[in-house]
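No letters, just coordinates:
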């Protein structure tokens with residue numbers, strides 16, 4: 001139960017209805033309510049979910065092809081629902097891209113691996129010489145533009 005305006009005996013009402021008292025901002029059905037749609041903190045859950053998935057996979061010895069497959073099938077699909085509803089802040093996009101890059105090239109927190117290909121090239125279609133990974137910024141614009149088209 002979220003208080004809107006002045007409500008007397010809110011806690012008694014919550015006990016009577018069998019629910020708990022909460023305040024904004026909060027999460028409801030996995031979506032943030034009451035938070036600014038431009039805030040970086042709104043994306044923390046998505047970033048943490050991606051980083052927790054990667055924590056288990058970094059221990060595995062995967063080939064580059066295996067890493068590309070995991071990025072395509074799982075990691076780039078985790079934020080899709082949020083990307084279709086909210087604009088992606090530039091700092092969050094950079095953080096997610098860095099996470100994807102480090103996983104793809106095999107970098108760890110203390111050991112950095114060098115790569116000779118720009119991330120933009122990696123995100124191009126396979127027919128154009130890339131690996132076909134999704135560019136999250138372009139995907140975000142496309143998914144938000146879908147709302148205007150409807």
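That came in fine, so what should we check first? All values reported here derive from a predicted model rather than from experimental measurement.

Only C-alpha atoms from now on, for both contacts and neighbour counts.
Will do.

Which residues outside the helix or strand harbouring residue 50 are in contact with it?
Following DSSP states H and E, the helix or strand that holds residue 50 is helix 44-57. With C-alpha atoms under 8 Å, 6 or more residues apart in numbering as the test, helix 44-57 has contacts from 75, 78-79, 96, 99, 103.

redo that, cut-off 7 Å
75, 79, 96 (C-alpha atoms under 7 Å, 6 or more residues apart in numbering).

Save those residues as CSV, and put in pLDDT and distance to residue 123 too.
Putting the contacts of helix 44-57 into CSV (pLDDT from 0 to 100; distance: C-alpha to C-alpha, whole Å) gives the following:
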residue, pLDDT, distance to residue 123
75, 88, 14
79, 89, 17
96, 93, 13
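
Among the residues you listed, which lie within helices?
The members of those that map onto helices under DSSP state H are residue 96.

ok, of the contacts of helix 44-57, which come out buried?
Buried subset of the contacts of helix 44-57 (neighbour count, 16 or more other C-alpha atoms under 10 Å): 75, 79, 96.

Between the residues you listed, which sits nearest residue 40?
Nearest to residue 40 among the buried ones among the contacts of helix 44-57: residue 96, at 12.2 Å, using C-alpha to C-alpha.

So what's the residue count around the residue nearest to the closest one when sequence neighbours are not counted?
For residue 96, ignoring the flanking residues on the chain, the nearest one in space by C-alpha to C-alpha, 6 or more residues apart in numbering is residue 47 at 7.0 Å. Using other C-alpha atoms under 10 Å, the number of residues around residue 47 comes to 18.
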